[in-house]
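S.K.: got a sequence here, can you model it:
(2 chains)
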Amino acid sequence: MQLARVIGTVVATVKNDSLAGRKLLIVQTVDRNLEATGKPMVAIDAVGAGIGELVFWCRGKEASFPFKREDTPTDCTIVGIVDSEQHVTR
Amino acid sequence: MIIARIVGTVVSTQKDERLTGKKLLIVRPINVDGSDTTGYVVAVDTVGAGFHERVLVVAGSSARLAQGMKDVPVDAAIVGVIDTVDVN
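M.R.: Okay, the predicted model is just below:
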């Protein structure tokens, strides 16, 4: 899993039926000093995250596990919200 | 998932039988501001996307989870057509 900051949203009306109703957010992965690293990704939100929040996301097939429908086609899912930046111990 | 732009098509007659009837498109990953990056991916279209549209591409084994892709040998699938991208 990776720490990331939610930096934006994506709207897609036409999508695969198994993605219906899912919220799409853009996440920018951050390093241990909470500075941006790598390219932003589009993630599906499984926990109700919002813009600007510090979250952690899961890659690969495991990214589909949070959903009741385990056939949700995602390789990037937000699986947790960090309580606050003070909770990231470095 | 990544954001990509459709830049071409692929026609293949001789292929795995489970790929029969699937549309193959060449997509180029793009940045959130819409600018091009390098490289290409051949992806199976599951939504009826068109040339030059911005799309969502899911990679890896998750691509098989899209509706209609069960047990199909793919590692990249187009699962959405993007209307808007907002970055704060």
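S.K.: and the residue nearest the centre of chain A, which of the three is it?
M.R.: Among the residues of chain A, the one closest to the centroid is A:Ile78, at 3.0 Å (CA atoms, centre = their mean). Classification of A:Ile78 by DSSP: H, G, I helix; E, B strand; the rest coil places it in strand.
S.K.: report pLDDT for it.
M.R.: Looking at A:Ile78, its pLDDT reads 96.
S.K.: just A:Gly38 next, same as before
M.R.: Predicted confidence (pLDDT) for A:Gly38: 92.
S.K.: which ones are touching it?
M.R.: A:Gln28, A:Thr29 (CB atoms under 8 Å, 6 or more residues apart in numbering or on different chains). Glycine gets a C-beta too; all of them are placed from N, C-alpha and C.
S.K.: sorry, back to before: right, and the residue nearest to the centre of chain A touches A:Val27 too?
M.R.: Yes: using CB atoms under 8 Å, A:Ile78 is in contact with A:Val27, at 6.7 Å.
S.K.: let me see the contact set for the residue nearest to the centre of chain A.
M.R.: Residues in contact with A:Ile78 (CB under 8 Å, 6+ apart) are A:4, A:6, A:25, A:27, A:43-47, A:49, A:55-57.
S.K.: now these: which count as buried?
M.R.: A:Ala4, A:Val6, A:Leu25, A:Val27, A:Ala43, A:Ile44, A:Asp45, A:Ala46, A:Ala49, A:Val55, A:Phe56, A:Trp57 (16 or more other CB atoms under 10 Å in any protein chain shown).
S.K.: among the residues you listed, which ones are in strands?
M.R.: A:Ala4, A:Val6, A:Leu25, A:Val27, A:Ala43, A:Ile44, A:Asp45, A:Val55, A:Phe56, A:Trp57 (DSSP state E).
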